[in-house]
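**Student:** build the 3D model from these lines:
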Amino acid sequence: MKKLAIVVAGGPAPGINSVIGAATIRACLAGVEVLGIQDGFKWLAEGDISHVIPLTIEDTSRIHFRGGSYIGISRANPTRSPEHLQRTIDGLERLGVGMLVTVGGDGTATLAQIISEKTRGRIRVVHVPKTIDNDIDLPDDTSTFGFQTARHVGVEIVKNLMVDAKTTSRWYFIVAQGRKAGHLALAIGKAVGATVTLIPEEFRGKKVAFTTVVDLLAGSVIKRLAYGRPDGIALLAEGLADCIEPEDLARYTDLPRDHMGNLHVADVPLAEVLEKAVKARLAALGIKSTIVSKYIGYEVRCADPIPFDMEYTRDLGHCAARYIIEGGTEAVVAMINGRFQAIPFEKMKDPATGRPRVRMVDVDSDRYRIARSFMLRLKREDFARPGEVARFAETCQLTPEAFRREFFHLVKDEPEIAVDVGQALAATPTPGGNAEGGESQEGGPPAT
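**Tutor:** Numbering: from 1, shown residues only. Take a look at the predicted model:
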């Protein structure tokens, strides 16, 4: 029987070792020899087949407790050059590989399918989807592995920062990973009760002015301060940079450009840029605020998996090995409501791009609407309460009319009723307060 190889590509995510260990154990019990391809496709793409290790039950039976990758990882992409792709395929065949389990994101899944097509089935492939961004479109809102651990560790980090923020009367602007979607930022922010969370999806695919994002954050600072709290936590998805008009963003920070002159917004130091701009916006309104920027990403990617991800990824590894040994190929391995599903690559693709679909946060869901109702941010109903507008205006030394001119643009497209009224979740407002979960019935800020 041909050998089974396991390769991990892309960025780290908690649970990789659980997949490797479970797949190895299942394959070895079936009498299949298992190889670990080290450092992703990096060496194979160069024609080097020496960076390979045999995987055994003895070696891998306890690696599931730890983060990182037992066989390494890299972002090397052999499809960028026909020569690299051919070397990769030749290397696998020279190693006697007939079954390939890839662990990675959408790019790795695409590569796996290409390898199967190029070898005309001589190498069967299955893919185990991995990303802490949770943006692979698995059925029934099933998490990608590593996401739950990343949220858990991220929450612990932000909890400590919340205590520091209150103790030192400062704000933290915390950027969480999520290049395309805001799942991680929202999940952390909602769990800890962050003051405000901004994700790309709330703009519904539209580009916005940089000043709009700045005013959203400045508005939260002002509203919080109006009720006596100079501290707060803002969770920001890194994908927000893509929502801002590139040329507009370039006016506030130096952006690298490619040889065609196109801006690379992925390299924007988003937290620092917003920190500087929000401080300047508040200073112009007579408000001095201490803001500190922080990134969450590398701290969570190689964390030891929590029990949820340990169990989940051991199931995925077992099913990947079983499916491919039994003849399966060209499928994404998934556990949906406790049952194994092999999802054909073609069903995962976006017809418009030819790549796996990206799962975005559903901003029309109750889950997101509840999150919004708890956030302390300027809302349309605030502007319908003269007392509230006067309170906010006084905080930034403006008249109520001037405050409305400065900030009403943030809420003009919101519905005129509170987000949670339609869910019958609104509390009875009391004098000086409002019905939103984000503020107490006395009208003060949330305890966070």
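
**Student:** just the buried residues of the longest helix that the chain contains, please?
**Tutor:** Selection of the longest helix in the chain by residue count, based on DSSP state H, yields helix 147-168. Taking 16 or more other Cβ atoms under 10 Å as the neighbour-count basis, helix 147-168 is seen to contain the buried residues 147-155, 157-159, 161-162, 165-166. Where you see a C-beta, it was placed from the backbone N, CA and C, and this is true even at glycine.

**Student:** which SSE is immediately downstream of it?
**Tutor:** Along the chain past helix 147-168, the next helix or strand (assigned with DSSP states H and E) turns out to be strand 171-176.

**Student:** and that next one with helix 147-168, angle?
**Tutor:** In this structure, strand 171-176 runs at an angle of 170 degrees to helix 147-168, with axes from the mean of the first three to the mean of the last three Cα atoms, to 10 degrees as the basis.

**Student:** state the number of residues packed around residue 221.
**Tutor:** Neighbourhood size, residue 221 [other Cβ atoms under 10 Å]: 28.

**Student:** hmm, I typed the wrong one, I wanted residue 195.
**Tutor:** Number of residues near residue 195 (other Cβ under 10 Å) recorded here: 29.

**Student:** can you start the count at 26 instead of 1 from here on
**Tutor:** New numbering, starting at 26: the last item is residue 220.

**Student:** okay, it: pLDDT?
**Tutor:** At residue 220 the predicted local confidence, pLDDT, stands at 97.

**Student:** does it touch residue 252 like I think?
**Tutor:** No: using Cβ atoms under 8 Å, residue 220 is not in contact with residue 252, being 11.5 Å away.

**Student:** re the thing from before, next one: the longest helix of the chain to chain centre, how far?
**Tutor:** Between the mean C-alpha location of helix 172-193 and the chain-wide mean there is a distance of 16 Å, by Cα atoms, centre = their mean, to the nearest Å.

**Student:** give me the residues contacting it.
**Tutor:** Contacts of helix 172-193 from elsewhere in the structure, counted by Cβ atoms under 8 Å, 6 or more residues apart in numbering, are 38-40, 156-159, 195-197, 199, 201-202, 208-209, 212-214, 216-217, 219, 256-258, 260, 315, 319, 321, 324-326, 328-331, 333-334, 337, 473.

**Student:** just curious, which of the buried residues of helix 172-193 is nearest to residue 375?
**Tutor:** For those, the closest approach to residue 375 (Cβ to Cβ) belongs to residue 172, at 20.5 Å.

**Student:** tell me the pLDDT of that closest one.
**Tutor:** Among the per-residue scores, residue 172 holds a pLDDT of 96.

**Student:** separation between it and residue 408?
**Tutor:** In this structure, residue 172 and residue 408 are 37 Å apart, going by Cβ to Cβ, to the nearest Å.

**Student:** then residue 180?
**Tutor:** 33 Å.

**Student:** what of residue 153?
**Tutor:** Here the criterion is Cβ to Cβ. By it, residue 153 lies 49 Å from residue 408.

**Student:** and those two? which has more neighbours close in?
**Tutor:** For residue 153 and residue 408, the more surrounded residue by other Cβ under 10 Å is residue 153, and the numbers stand at 28 against 20.

**Student:** look up how far residue 179 lies from the more buried one.
**Tutor:** Between residue 153 and residue 179 the distance, using Cβ to Cβ, works out to 23 Å.

**Student:** mean pLDDT per helix and strand in this structure: which one sits at the bottom?
**Tutor:** In the chain, no helix or strand scores lower on mean pLDDT, DSSP states H and E than helix 271-274, which sits at a mean of 81.

**Student:** which SSE is immediately downstream of that helix?
**Tutor:** helix 295-309.

**Student:** show me which positions of that following helix end up buried.
**Tutor:** Of all the residues in helix 295-309, those buried under the rule 16+ other Cβ under 10 Å are 295-296, 298-304, 306-307.

**Student:** could you pull out the helices for the stretch 226-375 of the chain?
**Tutor:** Remark: helices of the stretch 226-375 of the chain, listed N- to C-terminal, are 235-251, 265-268, 271-274, 295-309, 323-326, 332-350, 370-373; assignment by DSSP state H, counting those that start in this stretch.

**Student:** quick check: which ranges of the stretch 26-175 of the chain have low pLDDT?
**Tutor:** Scanning the stretch 26-175 of the chain with the threshold set as pLDDT under 70 gives 26.

**Student:** for it, what spans make up the strands?
**Tutor:** Residue ranges of the strands in the stretch 26-175 of the chain, as given by DSSP state E, counting those that start in this stretch, are 28-33, 59-62, 77-80, 122-129, 149-154.
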